[in-house]
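Undergrad: From the sequence below, what's the structure:
(one chain, ligands or ions: 2)
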Amino acid sequence: MKNILVTGGAGFIGSNYINYVLNKRDDIFIVNLDKLTYAGNLENLKSIENNRNYTFVKGDIVNGELVDYLFRKYNIEYVVNFAAESHVDRSILGSEVFYQSNVIGTNVLLEAGKRFGIKKFLQVSTDEVYGSLGPEGLFTEENQIVPNSPYSSSKAAADLMALSFYHTHGMPVVITRYSNNYGPYQFPEKLIPLMIINILNDKKLPVYGDGLNVRDWIYVLDHNKAVDLVLENGKIGNVYNIGASQEMKNIEIVKLILNILGKDESLIEYVKDRPGHDRRYAIDSSKIQNELGWTPDYKFEQAIQDTVKWYVENKNWWERIISGDYQKYYANLYGNK
Ligand code: NAD
Ligand code: TYD
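TA: Ligands and ions are numbered 1, 2, ... in the order given. Reported below is the predicted structural model:
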């Protein structure tokens, strides 16, 4: 049995990962430590909440005493650190919690991992640490780290801190730098779910700037597979870029979703650009493909249709979030703890 501390497991990617891995493997035990910020939602984990290889702990990765307690109690050997404030726009509105959770929180986990002699520490990072690309070229693992937003600067700090623990202490750290994920359970403030839900509610579709910024999209289920692989076989001290080579301009995505839902383009509204808006992200993932044999299984054309369908079929999930009912649900379940 491998005992894994998964942090931020009630968020979009973390919950997809936990659902995936517990359905696939019975040789791991997962402790999910999540603060349940606005982005954390235990409903994402309904199908595995009673799995005997799973336990949930509500708490903050910044809380060193709690982290130490969990390492000791559950004999933690592996960490997958998903926990983070993850939304660029929120980091522009206020950055403090980003540095608290993403930087200080990661430091707490690294220190605990060092003291408890962890077997592997997977720091979930992002391609946004590389800054912005011009029209040509791809990010490789050798690109300079030049983040532009408070969010990406906090992720870059955490990423480099984890690598420093490898270089200085020989700690078995691996880093994954992902491109933009999409799929079920993504909080409706990110581009794809926001557009789907606004269309379903007949609301305007706010496209920043000229709509020509490019993101490189990966289906979250392809991401899960890569996390599992890197945790298992990733070489310590290494960084792995992970993306599915699916570059899209924002406006193309919005029009595609309108098309899938059979709506015309009149809802599109160009709005003021995001300050410091990175123009283009595009990732070269040949290293993980060549060294670990990872390849994406899902084609964008199909996976985006599946994603739209999921939001259409799971209206209850996002309506509760939007109406604030999820907060009430949580307070009923846990009180004010
Ligand atoms: P999310 O915002 O949906 O979920 C984050 C989760 O972390 C939530 O459940 C939240 O409650 C929890 N959390 C936040 N602060 C915490 C703290 N201090 N202690 C404990 N739990 C805390 O984010 P996501 O999209 O699932 O992203 C997961 C990770 O992947 C993040 O580290 C993010 O930087 C990284 N990432 C995301 C993308 C993407 O496209 N979504 C791409 C590359 C990398
Ligand atoms: P987002 O989903 O916030 O991811 P990130 O900024 O981490 O890449 O945004 C994806 C792209 O979509 C980004 O270029 C900003 C743009 N965007 C809009 O045009 N309108 C919106 O309402 C949102 C949320 C994003």
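Undergrad: Neighbours of Val108, how many?
TA: A count of nearby residues for Val108, using other Cβ atoms under 10 Å, gives 18. C-beta: built from backbone N, CA, C; applies to glycine.
Undergrad: Spatially nearest residue to it, not counting backbone neighbours?
TA: Gly64 (4.9 Å; Cβ to Cβ, 6 or more residues apart in numbering).
Undergrad: Phi, psi for the one you found please.
TA: The phi/psi pair for Gly64 (degrees, to the nearest 10) reads phi -60, psi -40.
Undergrad: again, but for Glu269
TA: phi -140, psi 120.
Undergrad: cool, Thr126 as well?
TA: phi -140, psi 160.
Undergrad: Enumerate every residue touching the residue nearest to it when sequence neighbours are not counted.
TA: Distances taken as Cβ to Cβ, 6+ apart put Lys155 closest to Thr126, at 5.1 Å, once the chain neighbours are dropped. Taking Cβ atoms under 8 Å, 6 or more residues apart in numbering, we find Lys155 in contact with 84, 102, 125-126, 128-129, 147.
Undergrad: let's see 6 Å
TA: Neighbouring residues of Lys155 by Cβ atoms under 6 Å, 6 or more residues apart in numbering: 125-126, 129.
Undergrad: one step back: how many other residues sit next to the residue nearest to Val108?
TA: Neighbour number of Gly64 under other Cβ under 10 Å is 16.
Undergrad: Ok, the one 10 residues further on next?
TA: Close neighbours of Tyr74, defined as other Cβ under 10 Å, add up to 16.
Undergrad: This protein against ligand 1: which residues are in contact?
TA: 7-8, 10-14, 33-37, 39-40, 60-62, 82-86, 101, 105, 124, 126, 155, 178, 180-181, 187 (Cβ under 6 Å from any ligand atom).
Undergrad: Which members of these occur in helices, if any?
TA: Counting by DSSP state H, the part of the residues of the chain next to ligand 1 found in helices is 12-14, 105, 155.
Undergrad: out of those residues, who's nearest Ile196?
TA: Relative to Ile196, the closest of those is Phe12; by Cβ to Cβ it sits at 13.9 Å.
Undergrad: Looks like that closest one contacts Pro188 (just checking).
TA: No: using Cβ atoms under 6 Å, Phe12 is not in contact with Pro188; the gap is 10.3 Å.
Undergrad: between the two, which one's more packed in?
TA: The neighbour count for Phe12 versus Pro188, taken as other Cβ under 10 Å, is higher for Phe12 (24 against 17).
Undergrad: and the more buried one, what does it touch?
TA: Going by Cβ under 6 Å, 6+ apart, the list of residues near Phe12 reads 185-187.
Undergrad: Could you list the buried residues of stretch 201-219?
TA: Judged by neighbour count (16 or more other Cβ atoms under 10 Å), stretch 201-219 contains these buried residues: 205-208, 211, 213-219.
Undergrad: Would you reformat these as a markdown table and include distance to Asn241?
TA: Shown next, in a markdown table, are these (distance: Cβ to Cβ, whole Å):
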| residue | distance to Asn241 |
| --- | --- |
| Leu205 | 30 |
| Pro206 | 30 |
| Val207 | 27 |
| Tyr208 | 25 |
| Gly211 | 26 |
| Asn213 | 20 |
| Val214 | 16 |
| Arg215 | 15 |
| Asp216 | 10 |
| Trp217 | 14 |
| Ile218 | 11 |
| Tyr219 | 16 |
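Undergrad: Among those residues, which lie within strands?
TA: The strands, defined by DSSP state E, take in 205-208, 214-219 from these.
Undergrad: Tell me the one of these nearest Ile288?
TA: Closest to Ile288 out of those is Ile218 (11.6 Å), distances taken as Cβ to Cβ.
Undergrad: so what's the closest one bridging to?
TA: Asn181 (DSSP bridges).
Undergrad: thought it was touching Gly243?
TA: Yes: counting by Cβ under 6 Å, Ile218 does reach Gly243; the two are 5.4 Å apart.
Undergrad: what is in contact with those two at once?
TA: The contact lists of Ile218 and Gly243 share Ser179, where a contact means Cβ under 6 Å, 6+ apart.
Undergrad: and the residue of the stretch 1-150 of the chain found nearest ligand 2, how far is that from Asn51?
TA: The minimum distance from the stretch 1-150 of the chain to ligand 2, using Cβ to the nearest ligand atom, falls at Val88 (4.1 Å). Noted for Val88: a distance of 33 Å to Asn51, by Cβ to Cβ, to the nearest Å.
Undergrad: Neighbour count: those two, which is higher?
TA: Neighbour totals were compared for Val88 and Asn51, and Val88 leads with 20 against 16 (other Cβ under 10 Å).
Undergrad: quick one: contacts for that one?
TA: Counting by Cβ under 6 Å, 6+ apart, the residues that Val88 touches are 149, 151.
Undergrad: ok, now how distant is it from Pro275?
TA: Applying Cβ to Cβ to Val88 and Pro275 gives a distance of 10 Å.
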